[in-house]
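Colleague: Sequence first, then the predicted structure:
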Amino acid sequence: MTGKDSTFTGSDEDRLIVNRIIAGQKELFRLLVERHERAVYGMGLSFFRNMEDAADFTQEVFLKSYRSLSRFEGRSRFSTWLYKIAYNTAVNGIRRQKEYRSLAEEENLKDEDTPERKLLRSAAREAVLEALADLPARYRICVDLFFFYDRSYQEIELITGYPVNTIKSHVFRAKKLLREKLEGLT
């Protein structure tokens, strides 16, 4: 399971860790937290827009996942199962706020270019963020999961509960709306 010659994927390792935790090695849960904390925190930032709420969200997601670990059946990747818990936790948390923010809004740009390029990139980024903010929330979550979390349509279905064809439609429509909104900028 360790070393460069390992034939296990991260997903296989996650399953092995889960099995060992269920068998009594509860201290190994920290390994799952270390592997997935950044992605869960990123989702928290997307939904809650501030670091404190995202940190609370992350803690809540891992607490829920720990309590539910025995229900992980291994039919999907552990990360997919965990993101479903995170997504449901976030959706329940924002029902009061009625607001969703795209993960793209949290992307950091590198400062290695000329001032002119930085200015152009900043203006382009703002235009994209504005266009993303105008998308319906159901489109934005599908776009985020597909492009920023690199999830397949099937994984997004497991996470959101939307049918695969609906997800494909949401991503397609979102890209079309973004293209229309941004075409005057080129």
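Modeller: Perfect, thanks for sending it.
Colleague: ranges for the helices of this protein?
Modeller: Counting by DSSP state H, the chain has helices at residues 10-22, 29-48, 51-68, 78-94, 115-134, 137-143, 153-160, 164-182.
Colleague: Output those helices as TSV; include the columns mean neighbour count and mean pLDDT.
Modeller: Heads up, the C-betas are built off the backbone N, CA and C, glycines and all. Output for the helices of the chain, formatted as TSV (neighbours: other Cβ atoms under 10 Å; pLDDT from 0 to 100):
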stretch	mean neighbour count	mean pLDDT
helix 10-22	16	87
helix 29-48	19	90
helix 51-68	16	92
helix 78-94	20	88
helix 115-134	13	74
helix 137-143	22	86
helix 153-160	20	89
helix 164-182	15	89
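Colleague: hang on, isn't Ser65 packed against Lys84?
Modeller: No. Using Cβ atoms under 8 Å, Ser65 is not in contact with Lys84; the gap is 9.8 Å.
Colleague: Got the domain ranges for the protein?
Modeller: 9-101, 106-186 (automatic domain parsing).
Colleague: Can you get me a residue count around Arg75?
Modeller: Counted by other Cβ atoms under 10 Å, the residues lying close to Arg75 total 8.
Colleague: and it, backbone torsions?
Modeller: Backbone dihedrals for Arg75, given as degrees, to the nearest 10, come out at phi -80, psi -20.
Colleague: Pull the contacting residues for it.
Modeller: Listed by Cβ atoms under 8 Å, 6 or more residues apart in numbering, Arg75 has no contact partners.
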